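>>> Sequence and predicted model, in that order:
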Amino acid sequence: MNEPSAYRFEKRETLSLVASTLVLAAAFSFLLSCSYLIETALVANCAPGFDWGMFFGTAFPVSLVLVLGAFVLHELAHKFAAQYYGLWAEFRASTWGLLLALAASGTFGIVVASPGAVVIMGPADDREAGIISVLGPIVNIALAVIALPLWLATDQPAAFDVGLPRIGNVFQLALLVNVVLAAFNMLPIKPLDGSKVVRWSVSAFVVVWLAIATLFARTVGFI
């Protein structure tokens, strides 16, 4: 089997990234437009049903731009870090992950952010694997930190609000998207990033989770 070069994007990898970005944007859009089948307590003032006008007119375009940055940069951090250590790396979409993301968000308004992952081939010790894994969530944390003062500068309500008519909500959505992606990927469950990070360094694992928890609390208005 001919392996693609580690220093360029193959057609399969590009298609996987595009498909995963679209699905993840749709997943966030179901939540943000209150478009899902079964009522949950995740977002206030939502009733079961589909608001396609809000979904396609506002939520999806905004989610697409934000996910394009949050998700793609997360995966590229893994890919380029692996290449730095001399490993072969390529992003692969997961069919089941894509279906689960759409099903969970369209049914319950729950975002399952695992549409695929960077496949890495080659010898890597626990330290290298941990560093490669933690860089993805760190990218999301950095983007959330950038979005936080921009949101606060707009003088918008402290708690998350459904719908995106104000610029402040866009910045708060950037916070939400990045915090959710970082948190989900840092769960200490194989094959998620957190399982490799905690095996490499418990202290690094704890520090990253403290940052995620602080940003999440600020996003939803707890602090």
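Yep, it's here.

>>> by contact count, what packs against the top helix by length along the chain?
Taking DSSP state H as the assignment, the helix of the chain that covers the most residues is helix 126-153. For helix 126-153, the contact count by 3 or more CB pairs under 8 Å, 6 or more residues apart in numbering; DSSP states H and E identifies helix 60-84, helix 167-185, helix 193-200, helix 202-219 as packing neighbours. Quick note: C-beta positions are derived from backbone N, CA and C, even for glycine.

>>> ok, D125 - how many residues close by?
Other residues lying near D125 total 9 when counted by other CB atoms under 10 Å.

>>> Dihedrals phi and psi, it?
phi -80, psi 180 (degrees, to the nearest 10).

>>> tell me the centre residue of the chain?
L181 (2.8 Å; CA atoms, centre = their mean).

>>> what separates that residue from G130, distance-wise?
According to CB to CB, to the nearest Å, L181 stands 18 Å off from G130.

>>> before we move on, the earlier item: name the residues of the longest helix of the chain that come out as buried.
For helix 126-153, a neighbour-count test (16 or more other CB atoms under 10 Å) marks 128-141, 143-144, 147-148, 151 as buried.

>>> For A144, give me its contacts.
A174, L175, N178, V179, A182, L215, T219 (CB atoms under 8 Å, 6 or more residues apart in numbering).

>>> ok, G116 - contacts?
S16, S20, E75, F91, R92, A93, S94, G97, L98.

>>> Out of the residues you listed, which sit inside helices?
Short answer: the contacts of G116 in helices (DSSP H) are S16, S20, E75, G97, L98.

>>> My guess is the second one contacts T95. True?
Read it as S20. No - using CB atoms under 8 Å, S20 is not in contact with T95, being 10.8 Å away.

>>> Comparing these two, which residue is more hemmed in?
S20 (26 against 10).

>>> Okay, that one and V208: tell me how far apart.
Counting by CB to CB - S20 and V208 are separated by 23 Å.

>>> burial count for L210?
Residues lying near L210 (other CB under 10 Å) number 10.

>>> ok, now the one 4 residues further on?
T214 has 15 neighbouring residues, counting by other CB under 10 Å.

>>> what's the answer for the one 3 residues further on, then?
One way to gauge burial is a neighbour count; for A217, by other CB under 10 Å, it gives 12.
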